[in-house]
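Novice: Would you be able to build a 3D model of this:
(one chain, ligands or ions: 2)
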Amino acid sequence: MKERILELTNKYFDEMVAYRRDIHQHPEVAYQEERTMGVIAKALTEMGIEHKTGVGGYGVVGLIHGGKGEGKCIGIRADIDALAVNEATDLPFSSVNEGVMHACGHDMHTAGLLGVARVLNDMKDEFKGTVKLIFQPAEEKSPTGGAPYMIEDGVLENPKVDAIIALHVWPGIETGAAAVRFGPMMASSDRVNIKIKGRSCHASQPQDGVDAIVLAGQVISALQTVVSRNVPPLESAVLTFGVIRGGKIYNVVSDEVILEGTMRNLNFAVRDMMPKRIEAIVKGVTEGMGGSYEFDFSPGYPPVVNDPAVTEHVYAAMQDVMGDKAVIAPHSALGGEDFAFFGEKVPISYFWLGVDSPHIKSAPIHNAGFNPDEQALSYGCQTLCNAALRFLNE
Ligand SMILES: [Zn+2]
Ligand SMILES: [Zn+2]
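Specialist: Residues are numbered from 1 along each chain as shown. Ligands and ions are numbered 1, 2, ... in the order given. You can find the predicted model right below:
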C-alpha cells in the first residue's frame, strides 16, 4: 500500500503544487471563499468524484466509495480560508488580493486534500467503505468557525462519518517530519468580557464615588490567582486580558472600565471551572469595594482532543511515511482550531506537518512572510491516504 501511495503521490505532485499556487495567489477570507470553492469543485469534477458545494457556506464535500464493498466512512478535512494579512514574501505567485494572504497555510491543506482525492480515487478498488473529503470554509472566524455550519448542513451524515482526520502545516518542524499527540493537541479559545462599574465624582473627593479604575486594578491582580491557585499545576491554562479601557478625563473618578480577554484550556473540566472562578472573584472584589459588574463569557472553539484509537492509525501512517521523523509532540499548543467542533461529534485525530525546508526556519503562521516548503505536500498527502486506508481496512 505504502509504495502505491508514494507512486501516485509522485504522479500528482506537480498538480498539487499548481493547485496550491493558484489558491495562494487568490486568497479569500472566511465567508468569502467563493472562488476557492469553485476551484475545488472543478478539480473534483475533472477527477470524476461526486461532490456537493455550498455545505456550511462555501464548503465542499466529496465522496469516494471503495470497491471492496460496504464499510466505515472516514472524513479527511482541509480548511480553505485565508487571513486579512498583507503578504510580504516576494513569491512569484504572491497574493493578488491586497490585504489578504494564505498566512496560515490553508492553501497547502486544500491542495494536499485534492492530492489525496486523486490518490484515493485511483486506489478505490483497494478499500472498503467510503472516504469523505471535507473542504471546510471559515476556520479563522473564531468564535464560531465554519465547522459547526457544515455539521448543521449534515456533513457527518449520508454516509455517517465514523472518524475524521486532518493536519496543519507547522513551522518549527522540518519538512519530512511530523508530530502528533494522543489526547489534547490544541486548546479551547474562549472570550471573557468584564465591565466594572463604579460611580464618578470629582477627583479630589474620591470618598463621594467608587473608582472603577482602582477596582479594575484589584480585579486584574486577583484574577491572576485563577491560573496560579485554582488550576491544577499539571494542567495548562491561559487567562490574558488584551484590552483595558476606562476613564474619560484626568480629574474625574472613572465610573466604568472594560476588560476583554481570552481563556485557553486543554481540559474540559478546567474549562468549565475557570469562568465560574473568574466571575466569583470579579463579584467579590467589585461588590466588596462598593461597585458592581457585568460578566460575559463567550465560548469559542473547544479543545482539539485526539482520539487514541484513530490516532494509532495516524501515528502508524506517519511512521510509515516519515520513519523516525514522525514523533509524539512533547506538548500541546494553546492555539485554537475549529476542527474541535467535529471532535464533539465523532472521534478525531489531528497532526502537525513540518514545513521548514532544510536549514531554513520558516516565518511563523499568521506572519506576512510565512512560506511553507511545498515538498511537505507530498508527506501530508501520503500520510492522510495511508491513515485513511488503515482505518477503512482494519
Ligand atoms: Zn490560522
Ligand atoms: Zn490554520
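
Novice: if you average pLDDT over stretch 278-289, what comes out?
Specialist: For stretch 278-289, mean pLDDT is 98.

Novice: What residues of that stretch count as buried?
Specialist: 278-279, 281-282, 285-286, 289 (16 or more other CB atoms under 10 Å). Where C-beta positions appear, they are placed from N, C-alpha and C, glycine not excepted.

Novice: Contacts for it next, please.
Specialist: The set of residues external to stretch 278-289 that reach it, using CB atoms under 8 Å, 6 or more residues apart in numbering, is 192, 194, 196-197, 210, 214-215, 218-219, 222-223, 225-226, 239, 263, 292-293, 295, 297.

Novice: Only alpha carbons, please: show that stretch as PDB.
Specialist: In PDB, the C-alpha atoms belonging to stretch 278-289 read as follows (Å, rounded to 0.1, in the frame of the first residue of the first chain):
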ATOM      1  CA  ILE A 278     -13.400  34.400  37.300                       C
ATOM      2  CA  GLU A 279     -16.900  35.600  37.900                       C
ATOM      3  CA  ALA A 280     -16.800  34.900  41.700                       C
ATOM      4  CA  ILE A 281     -13.600  36.900  42.000                       C
ATOM      5  CA  VAL A 282     -15.000  39.800  39.900                       C
ATOM      6  CA  LYS A 283     -18.200  39.800  42.000                       C
ATOM      7  CA  GLY A 284     -16.300  39.600  45.400                       C
ATOM      8  CA  VAL A 285     -13.800  42.400  44.500                       C
ATOM      9  CA  THR A 286     -16.200  44.800  42.900                       C
ATOM     10  CA  GLU A 287     -19.100  44.400  45.300                       C
ATOM     11  CA  GLY A 288     -16.700  44.400  48.300                       C
ATOM     12  CA  MET A 289     -15.500  47.800  47.200                       C
END
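
Novice: Any chance you could list what contacts stretch 249-262?
Specialist: By CB under 8 Å, 6+ apart, stretch 249-262 touches 189-204, 206, 209-213, 215-216, 219-220, 238-248.

Novice: Next SSE downstream of the helix or strand harbouring residue 282?
Specialist: Assigned by DSSP states H and E, residue 282 belongs to helix 268-288. Per DSSP H and E, the first helix or strand lying C-terminal to helix 268-288 is strand 292-301.

Novice: Buried ones in that following strand, by neighbour count?
Specialist: Buried residues in strand 292-301, counted by 16+ other CB under 10 Å: 292-293, 295, 300-301.
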